[in-house]
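Novice: 3D, please:
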Amino acid sequence: MIKFFRHIRKNLLMEKKTSKYFKYAIGEIILVVIGILIALQINNWNEERKNRVVETQLLENLRSSLVSDVQNQINPILEQLELDLSNIRDIKHFLKISATYHDSMNIKFNSLMYSKIFLYEVTSYKALENEGLKLIQNPELKSNILKLYNMEYTELEYNIENFMNNLMSFYRPNMRELFLFLDDNEDKGYKPDDYESLRTNRDFRNNLITCTTNCSNIYKTTSKLKVKVESLIATIDKELK
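Specialist: The predicted model follows:
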């Protein structure tokens, strides 16, 4: 093709058709420019296609992580908190009515000793943060992802950290002072050394109130978080379609 154009230019010069030569040269330049623009556009299309493939993979991986967070972290936390709050209500009621102590209560005191933890999957988000946030085309989706990992997950971590500080500083020391730990196949839990004095123990009653507040805050935060995570999963599903 290049030899063909060169042959045309040579003939025009030999025939001294200068005006035609310049017109032809301009036309050739235009064709070259058009060719370059087409090549650039094709390259842009290829890059965009590659970006969309990467975006899809990143979103699919993030979706899997979010589903895992709901199933393996958020739902178990909510289930445990529902049990803990129910047990604490029963303990408060039992102390209030001055009932005769029954060993069936032993298991309920476990809720004052259980630790809390939130270990969400972060690998997919880190990959997205490091490589692909700029590839997310939907600005609302990008914003919601950032809010979830940098604000909403952090809020739950903060509430759990507050609970754990109280657990280690107050609940557990108080329980170890006032209770006997039972650890056999037939009877697990904590049995008060002196039930009557337990009923009037100010530190223990304060711990019950504080633990209720801590668990309620974690439960509310986790419940709201579940709604937001499931909403984000639905948005990702819509985006992938």
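
Novice: hey, let's count contacts and neighbours off CA atoms from now on
Specialist: OK.

Novice: residues contacting the residue nearest to the spatial centre of the chain?
Specialist: Nearest residue to the geometric centre of the chain (Cα atoms, centre = their mean): Y149, 5.0 Å. Listed by Cα atoms under 8 Å, 6 or more residues apart in numbering, Y149 has no contact partners.

Novice: just the one 10 residues further on next, same as before
Specialist: Contacts of N159 were listed using Cα under 8 Å, 6+ apart, and they are N214, N217, I218.

Novice: could you dump these into CSV with neighbour count added?
Specialist: Shown next, in CSV, are the contacts of N159 (neighbours: other Cα atoms under 10 Å):
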residue, neighbour count
N214, 20
N217, 16
I218, 24
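
Novice: okay if I get these as TSV plus secondary structure?
Specialist: Converted to TSV, those look like this (DSSP: H, G, I helix; E, B strand; the rest coil):
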residue	secondary structure
N214	helix
N217	helix
I218	helix
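
Novice: can you tell me the closest non-neighbouring residue to S216?
Specialist: Of all residues not flanking S216 in the chain, L85 sits nearest, at 7.5 Å (Cα to Cα, 6 or more residues apart in numbering).

Novice: hang on, the one you found packs against T210?
Specialist: No - taking contacts as Cα atoms under 8 Å, L85 lies outside contact range of T210: 11.7 Å.

Novice: those two: who's more crowded?
Specialist: Between L85 and T210, counted using other Cα atoms under 10 Å, L85 has the larger neighbour count: 21 against 17.

Novice: from V70, how far off is that one?
Specialist: Applying Cα to Cα, to the nearest Å, the value for L85 to V70 is 21 Å.

Novice: pull out the buried positions in stretch 200-214.
Specialist: Of the residues in stretch 200-214, F204, N207, L208, T210, C211, T212, N214 count as buried by neighbour count, 16 or more other Cα atoms under 10 Å.

Novice: so F181 sits in a strand?
Specialist: Yes - looking at F181 with three-state DSSP, it is inside a strand.

Novice: next up, the contacts around the spatially closest residue to L119 that is not a sequence neighbour.
Specialist: Nearest residue to L119 in three dimensions, chain neighbours excluded: Q73, at 6.9 Å (Cα to Cα, 6+ apart). With contacts taken as Cα under 8 Å, 6+ apart, Q73 has the following neighbours: F118, L119, Y120.

Novice: and those, which of them are buried?
Specialist: The neighbour count (16+ other Cα under 10 Å) marks F118, Y120 as buried among the contacts of Q73.
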